[in-house]
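A.B. asks: Attaching a predicted model along with its sequence, questions to come.
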Protein chains: 2
Amino acid sequence: MPRELRTAISELALADRILPVAAAMFRRLGYARTSTRELANRLGIQTGSLYHYIRGKEDLLFQICSSALTHIEEAVRKATAGVPVERKLEVAIKRHLISALTDSDSHATMLMELRALSAERKAAVIRQRDQYEELIRTIIEESQAAGVVRADIEAKYLTLSLLNMLNWSIFWFDPDGPLTENELATVMTTVFLDGASAKRRGPASRLE
Amino acid sequence: MPRELRTAISELALADRILPVAAAMFRRLGYARTSTRELANRLGIQTGSLYHYIRGKEDLLFQICSSALTHIEEAVRKATAGVPVERKLEVAIKRHLISALTDSDSHATMLMELRALSAERKAAVIRQRDQYEELIRTIIEESQAAGVVRADIEAKYLTLSLLNMLNWSIFWFDPDGPLTENELATVMTTVFLDGASAKRRGPASRLE
DNA sequence: GTCTATACTTCGATAGAC
DNA sequence: GTCTATCGAAGTATAGAC
């Protein structure tokens, strides 16, 4: 989470601080090792008071996972609506990365702590995740049909390879580092679409 | 872990079953939620007996993380030694994927549960991980110097993008699914080197 | 080398006063 | 809406018999 957002949390009402603070702790320590005592402590209240806002610790995890997926799906869907097929995938990649890196505590938690949910809630989050994957896969299939993306690899594996590359970057991207989110998005768009090979490069590089 | 290996574990001596069984549980439940009681149960012994073999639960996590990295580094180093620079990166990608997918419980644990280690042991594993990353980055830098890999993106980011793509596949690759480890390695080599774009494809596709 | 028994800690959640 | 106090469950690890 960027610094401006981080400090802003301390000015929110208690009820609105719970989820982001929990997400930051889940990301850092993991769900299982994050105690409600320590969470309450960071919120400046006692453990008992926390249960005025939530029914159980698992509620927090579920809401974090679910809203992370809701937000990224909505962001990518809106950003790509009406975009011509030649540029749709690029736009989706950039929007995905921006969304995941901006809301990185929630996304990291969703990616790493999903298994801590109860069976039913885990299934619900996995359905959401599959639905988002389908959005990306559909964009790739449209791109293949339009001749923009290679068709000799199944859309399923192109989608998974792409999401691998994008999602894992949450765990090493440094918002205060040398690359902005936009620049990383450009790098990954270039790698995914044009490849790392030096051969057969066209004249219009994405990097210039 | 492939089925042949899975069944073979039950025929090992107790001392040799502890780490693989622990790795499978850590992967499935996470380190924090894996109890020594249940681990002992799966090994067919009592909790107390486990402490004849280990000094503490954390020992298991450390050994799993450390040996996963030792093995993959050795495998990639050996496989790429003496290979001409034009093919070195391809060989490294394939060997990395085969190693990670074969030893997937350990690798998944290393990737997801590292933060559960004590500060000193975590630092030691991170050093090992950085060293392995450096091996891959060096191969990419050599490839750039030889004109095989594009030089307009820093080797650092090419390395991270590649490792993102390769590592995360542990979490969805199905050894009993339609693709073999080798086929997935071919797909990812192609995506990473040639890109997903349909434009400017050369005549010698890796997929034929 | 494996067992039983248990000491000690920490946790999630609740009860009930204010 | 926040507090204090505490219950009951579960965990890691150890002690000591066999």
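C.D. replies: That came in fine, so what should we check first? Just so we're clear, the structure is a prediction, and the values are computed from it rather than from any experiment.

A.B. asks: The host helix or strand of A:Glu73 near DNA strand C at all?
C.D. replies: Using DSSP states H and E, A:Glu73 maps to helix A:57-80. Yes. Legend: contact between helix A:57-80 and DNA strand C by Cβ under 7 Å from any atom of the strand is shown at A:57-58. Using the backbone N, CA and C atoms, a C-beta is placed for each residue, glycine as well.

A.B. asks: just how off-centre is the helix or strand following that helix within its chain?
C.D. replies: Using DSSP H and E, the helix or strand that follows helix A:57-80 in sequence is helix A:85-102. Chain-centre distance of helix A:85-102: 11 Å, with Cα atoms, centre = their mean, to the nearest Å.

A.B. asks: In contact with A:Leu160: list those residues for me.
C.D. replies: B:169, B:172 (Cβ atoms under 8 Å, 6 or more residues apart in numbering or on different chains).

A.B. asks: So for the host helix or strand of A:Lys122, what gets flagged as buried?
C.D. replies: Under the criterion of DSSP H and E, A:Lys122 resides in helix A:119-145. Of the residues in helix A:119-145, A:121-122, A:125, A:128-129, A:132-133, A:135-137, A:139-144 count as buried by neighbour count, 16 or more other Cβ atoms under 10 Å in any protein chain shown.

A.B. asks: before we move on, what about stretch A:30-40?
C.D. replies: So, applying 16+ other Cβ under 10 Å, buried residues of stretch A:30-40: A:30-34, A:36, A:39-40.

A.B. asks: And those, which is closest to chain B?
C.D. replies: A:Ala32 (3.4 Å; Cβ to the nearest Cβ).

A.B. asks: that older thread, contacts (any at all) between DNA strand C and the helix holding A:Lys122?
C.D. replies: No. Against DNA strand C, helix A:119-145 shows no contacts by Cβ under 7 Å from any atom of the strand, the least distance being 12.5 Å.

A.B. asks: Helix A:85-102 and that helix, what's the angle between them?
C.D. replies: Interaxial angle, helix A:119-145 versus helix A:85-102 (axes from the mean of the first three to the mean of the last three Cα atoms, to 10 degrees): 150 degrees.

A.B. asks: Would you check that A:Phe192 makes contact with B:Asp194?
C.D. replies: No. If you go by Cβ atoms under 8 Å, A:Phe192 and B:Asp194 don't touch, sitting 10.9 Å apart.

A.B. asks: how about the nearest residue to A:Ala32 once chain neighbours are set aside, what does it touch?
C.D. replies: Spatial nearest neighbour of A:Ala32, excluding adjacent residues (Cβ to Cβ, 6 or more residues apart in numbering or on different chains): B:Ala32 at 3.4 Å. Residues counted as contacts of B:Ala32 (Cβ under 8 Å, 6+ apart) are A:30, A:32-33, B:116.

A.B. asks: Please name the residues that touch the residue most central in space within chain A.
C.D. replies: Geometric centre of chain A, nearest residue: A:Ala100, 3.1 Å, by Cα atoms, centre = their mean. A:Ala100 is in contact with A:72, A:107, A:166-167, A:169-170, counting by Cβ under 8 Å, 6+ apart.

A.B. asks: From those, list just the buried residues.
C.D. replies: A:72, A:107, A:166-167, A:169-170.

A.B. asks: What about chain B: which of those residues touch it?
C.D. replies: Among the buried ones among the contacts of A:Ala100, the residues lying close to chain B (Cβ under 8 Å from any Cβ of the partner chain) are A:166-167, A:169.

A.B. asks: Which ones among the residues you listed map onto helices?
C.D. replies: A:166-167 (DSSP state H).

A.B. asks: I'd like the ones next to chain B among the buried ones among the contacts of A:Ala100 laid out as a markdown table, including distance to B:Ala81 and pLDDT.
C.D. replies: Listed next are those as a markdown table, based on distance: Cβ to Cβ, whole Å; pLDDT from 0 to 100:
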| residue | distance to B:Ala81 | pLDDT |
| --- | --- | --- |
| A:Leu166 | 32 | 98 |
| A:Asn167 | 32 | 98 |
| A:Ser169 | 30 | 98 |
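
A.B. asks: So which of the ones next to chain B among the buried ones among the contacts of A:Ala100 is the closest to DNA strand D?
C.D. replies: Nearest to DNA strand D out of those is A:Asn167 (Cβ to the nearest atom of the strand; 29.0 Å).

A.B. asks: Distance-wise, check the closest one relative to A:Ala68.
C.D. replies: 11 Å (Cβ to Cβ, to the nearest Å).

A.B. asks: what do you get for A:Met188?
C.D. replies: Counting by Cβ to Cβ - A:Met188 and A:Ala68 are separated by 19 Å.

A.B. asks: do A:Met110 as well
C.D. replies: On the measure of Cβ to Cβ, A:Met110 and A:Ala68 end up 4 Å apart.

A.B. asks: lowest confidence element among the helices and strands of chain A?
C.D. replies: helix A:3-9 (a mean of 65; mean pLDDT, DSSP states H and E).

A.B. asks: which residue does chain A bring closest to chain B?
C.D. replies: A:Gly195 (3.0 Å).

A.B. asks: Chain A against DNA strand C: which residues are in contact?
C.D. replies: Counting by Cβ under 7 Å from any atom of the strand, chain A sits next to DNA strand C at A:34-38, A:47-48, A:51, A:55-58.

A.B. asks: For DNA strand D, state which of those residues is nearest.
C.D. replies: A:Gly48 (2.4 Å).
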